[in-house]
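Participant: give me a 3D structure for the following:
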Amino acid sequence: MDYYNDLPEQENEPNTRPEGQTEEPAEAVEQPTGQTGEKEETTDKPSERPQGAQADGSQSGDNTETVGQVKSAQPQAAGSETGEKEETIGKPSEQPQAADTAATAGQSKKKSIMRLLRTEKFKRGGMATLLTVIFVAVVVVINILVSLLTDRFPSMNIDMTAQGFNTLSEQAQTVAEGVQNETRIYLIGSEDAYRKDQLYSSYGLEFSQVANLAERLVECNPLISMEFVDPDLNPDFISKYADESLTSGCVLVETDKRHKVLRPDDLFDMTQDSSTGQIRTYTNVDSSLAGAMEIANMDKVPVVAIALGHGDMLDGSLNDFTTLMERQNYEVTTFNILTEELPENTQILMLPTPTNDYSEGELEKIRAYMDDEERKDNLNLIVTCHPQQGELPNLARFLEEWGVRVEPGMVYESDDSRQASYDEAFVLMNPNTDVMDGSYSLLTAPYSSPLTVLFSGVGDIGAQWLWQTADTGYVVTDDMTEAEKENPSTGVQTTATVSIKYVQLDGEDYRRNLFVFGSSYVFIDNLVNTSAFDNGQYLTDLMRYGTGTGGSSVTVYSNPVQTNTMDISMSAQTITLLGLGVFTIGLPVVILIVGLVIFLKRRHL
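Facilitator: Alright, predicted model coming up:
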C-alpha cells in the first residue's frame with residue numbers, strides 16, 4: 001500500500017497551511033529534536049526510520065500533518081524513484097540521537113580520566129605503585145640470579161656458623177684442587193635427610209654439613225662429582241657394595257683405583273662428660289672427606305701394621321690412634337708377628353709396649369724390614385715403653401744397635417708450671433725442632449721411662465733426642481731412698497728419640513727411621529683425640545715426616561670441633577623474661593603501636 005495515498009486530503013496541497021500558522025513550525029520540523037546537521041544527508045539518502053514515528057506525528061494534530069507534508073515533498077523534489085524510499089523518509093530516526101549521547105558520554109569519561117591523572121593524589125600513588133613494581137621485579141630477578149649462582153657456586157652461601165662448619169679448610173681445598181682422577185662422592189641417604197638433619201637427629205649430628213662440604217669440594221675441581229643415593233630407591237647400588245654394608249649416613253668416595261667408605265663415627269665423634277653427663281658431639285667431616293678423597297686417588301696406600309701377641313699394654317687402647325692414622329689415609333692393620341709375615345706395603349711397624357720379649361726369629365723379621373735395601377720407600381718402626389714393662393733383653397739389644405737404651409725408673413717434673421693436671425709425672429715436653437719444625441705448645445709424656453741416646457752416629461746409623469724435659473726434670477727409681485726421692489737430682493731428661501739410617505737406591509736416598517717413646521700414654525685415646533694437648537697433631541706430622549709424604553699426600557688433619565656448644569648461658573628467670581615478656585608480649589605490643597601511629601598519620605595525608 002502506498003504510504004502517501006493514505007494521507008488526509010491536504011496532501012494534494014502541500015503549500016497550504018492552517019489559518020493563522022506561520023512558517024516557524026515548518027522550520028522547527030526541518031531540524032527535529034536530536035537531529036543536528038543530518039538533514040542534508042537525509043534528503044540525498046533515504047532514511048530508514050522506525051514506523052512508530054508516523055504514529056507519534058499523528059498525535060500532534062494539524063501541525064503534525066503539515067510536518068508530514070513538508071517531509072513528503074522534499075524527497076519528491078530530490079528525485080526519489082520509489083515509494084518505498086519515500087516511506088522511509090517520512091519516519092523519524094533514533095540512531096543519531098543514541099550516537100550523539102554515546103559520544104558525549106565518551107568525551108565526559110575521557111575528561112574525567114584526564115582530570116584524575118592530573119591530581120596530586122594520583123601522581124603520588126602512581127609513582128609509589130611504579131616504584132613498588134620495579135622494586136619487586138628487581139628483587140625477583142636478583143633472587144633468581146643468586147639462586148642460580150649459589151647452586152653453581154655453593155661457596156657463595158655465607159657460612160653463618162660460629163665455628164665455620166660449612167667452610168673448607170685450606171688443607172681440604174688443596175687436596176680437592178690436586179685431584180687428577182675422576183672422583184665420585186656418594187652420600188648414602190635421601191637429599192632431604194641430609195639437608196634437614198634427619199639422620200641420627202636424636203644424637204644432634206648435623207649431616208647437612210656433610211652435604212655442604214661435599215658441594216664445596218665439587219666446586220674446587222670439575223673432576224669431582226657428588227650424588228645422593230637413597231637405599232630404598234637404589235637397591236642395586238647398595239648391593240654392588242654388599243661387603244661395605246652401606247646404610248644412610250655413610251659416604252662412599254670412589255675412583256677407578258679404589259674406594260673409601262666413611263661411616264657416621266668417622267664423620268662425627270661423641271663423648272660424655274663424666275662430671276655433667278652431657279653428650280658432646282664433634283665433627284671431623286672436613287678432614288674425613290678430604291682424606292677419603294685423597295686415599296682414593298693414591299697410587300699406593302701406606303700401611304700401619306701393629307704387631308701383637310706379646311702381652312702388649314696398648315692392645316685395645318689405640319682406637320683413637322688408629323682413627324687418626326686412617327684419617328691420614330693409612331690402612332691400619334694388626335697381625336701376630338710370631339705366626340704371620342709383615343703385611344704388604346707396610347711403611348710403619350709398631351711394637352705397642354710388649355711385656356713379653358721377642359724371639360730371635362721375630363727380631364729377624366724386624367731387622368729384615370728395617371735393613372731392606374731394595375724397597376724405594378721410607379720405612380719406620382715405632383717402639384713404645386712403660387716403667388713397669390719389665391725386662392726385655394732381646395728387644396733391648398736391638399734398640400742399642402740403633403743407639404737407644406731404655407733406662408729403669410720414671411720421669412718426673414719438679415717445676416709446677418711444667419706439670420699437667422698438677423701431677424709431677426704428667427710432664428710437659430720440649431720437641432726437637434731440628435728434626436721437625438713445628439709449633440707445639442703443649443706436648444706431654446705422662447709416666448715415661450727415661451731414655452738415653454748412646455751415640456750420635458755409628459756406621460750408617462745416627463741417633464738424637466726427639467722429646468726432652470726442661471732442666472727441672474728428674475728420675476725416680478725403685479732402688480732410691482726416701483731422702484733421695486725428696487731431694488732428687490734435676491736435669492734434662494729424654495723421653496723420645498729418633499734413629500735414622502739412609503739407603504740409596506737409583507740415586508735417591510730413602511730413610512729407615514726408628515722412633516722410641518718412653519711413654520705409652522702418648523698414644524692412648526685420651527691424649528690423641530683432645531685439643532688440650534698437641535700430641536695428636538705432633539704424631540700426624542711425625543708420620544708424615546717418617547713416610548716422606550709431607551708435601552704430596554697424607555696431609556689432612558684437623559682437630560675435632562664441638563658442634564653442640566652452648567652459645568648462650570642464662571638463668572631460667574632470664575629465659576622466661578625474654579621468652580614471655582619480650583617476644584610474646586612486648587614485641588607484639590610495640591609492633592601494634594607503631595602500626596597504629598603510622599595508620600593515623602597516613603589517614604590525615
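Participant: and stretch 180-199, average pLDDT?
Facilitator: For stretch 180-199, the mean per-residue pLDDT is 94.
Participant: and Leu592, which of the three is it?
Facilitator: Reduced to three states with DSSP: H, G, I helix; E, B strand; the rest coil, the structure at Leu592 is helix.
Participant: hmm, Asp312 is touching Met350, no?
Facilitator: No: at 9.4 Å, Asp312 does not count as touching Met350 under the criterion of C-beta atoms under 8 Å. (C-beta placed from N, C-alpha, C; glycine too.)
Participant: show me which of these two is the more surrounded one.
Facilitator: Met350 (25 against 22; other C-beta atoms under 10 Å).
Participant: wait, what's in contact with that one?
Facilitator: Contact partners of Met350, counting by C-beta atoms under 8 Å, 6 or more residues apart in numbering, are 304-307, 381-384.
Participant: which of the residues you listed fall within strands?
Facilitator: Secondary structure assignment by DSSP state E places 304-307, 381-384 of the contacts of Met350 in strands.
Participant: any chance of the residues you listed in JSON lines, with neighbour count too?
Facilitator: Listed next are the ones in strands among the contacts of Met350 as JSON lines, based on neighbours: other C-beta atoms under 10 Å:
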{"residue": "Val304", "neighbour count": "26"}
{"residue": "Ala305", "neighbour count": "22"}
{"residue": "Ile306", "neighbour count": "23"}
{"residue": "Ala307", "neighbour count": "23"}
{"residue": "Leu381", "neighbour count": "22"}
{"residue": "Ile382", "neighbour count": "21"}
{"residue": "Val383", "neighbour count": "23"}
{"residue": "Thr384", "neighbour count": "26"}
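Participant: could those go into CSV alongside pLDDT?
Facilitator: Below are those laid out as CSV (pLDDT from 0 to 100):
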residue, pLDDT
Val304, 95
Ala305, 97
Ile306, 97
Ala307, 97
Leu381, 98
Ile382, 98
Val383, 98
Thr384, 97
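Participant: ok, those vs Leu399, which is closest?
Facilitator: Ranked by distance to Leu399 (C-beta to C-beta), those are led by Val383 at 6.8 Å.
Participant: where's that closest one relative to Val522, distance?
Facilitator: 12 Å (C-beta to C-beta, to the nearest Å).
Participant: do the same with Gln173
Facilitator: Taking C-beta to C-beta, one finds Gln173 at 31 Å from Val522.
Participant: ok, Leu379 next?
Facilitator: From Leu379 to Val522 the distance is 21 Å (C-beta to C-beta).
Participant: could you find the closest non-adjacent residue to the residue most central in space within the chain?
Facilitator: Residue closest to the mean C-alpha point of the chain, counted by C-alpha atoms, centre = their mean, is Asn212 at 2.9 Å. Excluding the flanking residues, the one nearest Asn212 by C-beta to C-beta, 6 or more residues apart in numbering is Asn166, at 4.3 Å.
Participant: and that neighbour, what are its phi and psi?
Facilitator: Main-chain dihedrals, Asn166, degrees, to the nearest 10: phi -100, psi 20.
Participant: buried stuff in stretch 331-346?
Facilitator: Buried residues in stretch 331-346, defined by neighbour count with 16 or more other C-beta atoms under 10 Å: 331-332, 334-335, 337, 342, 346.
Participant: neighbour count for Gln173 and Val522, which is higher?
Facilitator: A direct count of neighbours by other C-beta under 10 Å for Gln173 and Val522 places Val522 higher, at 24 against 19.
Participant: check contacts around the more buried one.
Facilitator: 384, 444-445, 496, 535, 539.
Participant: one more time with 10 Å
Facilitator: With contacts defined as C-beta atoms under 10 Å, 6 or more residues apart in numbering, the neighbours of Val522 are 321, 384, 429, 443-446, 448, 467, 495-496, 528, 533, 535, 538-539.
Participant: all strands of the stretch 351-500 of the chain, in order?
Facilitator: With DSSP state E, counting those that start in this stretch as the criterion, the stretch 351-500 of the chain has strands at 379-384, 404-406, 410-413, 419-420, 423-431, 443-444, 451-453, 457-458, 461-468, 473-476, 494-505.
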